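Visitor: only geometry, no sequence info:
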């Protein structure tokens with residue numbers, strides 16, 4: 001079953017309810033939603049693959065995704081989680097594979113769009129950097 005894309009207003013409402021984006025105004029949230037694309041995944045679809053070049057970050061709006069590294073499951077992504085932020089801030093190659101476990105809807109922020117939004121919305125940059133820093137620190141400790 002394929003999800004029908006939600007409306008821009010629904011995506012903005014979902015994003016504004018996420019803790020990670022609590023510091024943004026309603027206007028900021030609408031700006032992000034307007035600039036972002038929507039990605040729809042079905043169960044089993046691969047969003048990003050470990051080792052490939054990354055160029056976008058994603059915000060999970062609905063659904064659940066599994067994260068694997070070297071074939072081992074290392075986590076799950078749920079609404080509010082960021083995927084691919086490391087590719088925007090630190091490493092050109094994807095550090096993990098992310099696969100949909102159910103139908104999912106995500107906001108996609110291509111690198112160039114994200115960088116433009118950083119200028120306008122420092123809170124967005126802080127949110128992406130905070131998550132990337134935590135994941136990079138975790139990865140260094142598990143090597």
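Guide: The structure has been received and is ready for your questions. Predicted model only: the values in this text are computed from it and were never measured.

Visitor: OK, contacts around the residue positioned nearest the centre of the chain?
Guide: Centroid-nearest residue in the chain: residue 58, 2.4 Å away (criterion: CA atoms, centre = their mean). Residue 58 makes contacts with 39, 47, 82, 83, 84, 106, 107, 108, 109, as judged by CB atoms under 8 Å, 6 or more residues apart in numbering. Where you see a C-beta, it was placed from the backbone N, CA and C, and this is true even at glycine.

Visitor: cool, residue 77 as well?
Guide: 60, 64, 65, 66, 67, 83, 98.

Visitor: quick one: classify the residue nearest to the centre of the chain as helix, strand or coil.
Guide: For residue 58, the assignment made with DSSP: H, G, I helix; E, B strand; the rest coil gives strand.

Visitor: against residue 7, how distant is residue 13?
Guide: Remark: distance between residue 13 and residue 7 (CB to CB, to the nearest Å) = 9 Å.

Visitor: ok, those two, which is more surrounded?
Guide: Taking neighbours as other CB atoms under 10 Å, residue 13 and residue 7 compare with residue 13 leading, 15 against 10.

Visitor: now the element after the helix or strand harbouring that one, going C-ward?
Guide: Following DSSP states H and E, one finds residue 13 within helix 8-16. Toward the C-terminus, helix 8-16 is succeeded by helix 26-35 as the next helix or strand (DSSP H and E).

Visitor: contact partners of that next one?
Guide: Contacts of helix 26-35 (CB under 8 Å, 6+ apart): 8, 11-12, 15-16, 21, 24, 107, 109, 113, 116-117, 120-121, 123-124.

Visitor: go again using 6 Å as the cut-off
Guide: 8, 11, 12, 15, 16, 113, 117, 121 (CB atoms under 6 Å, 6 or more residues apart in numbering).
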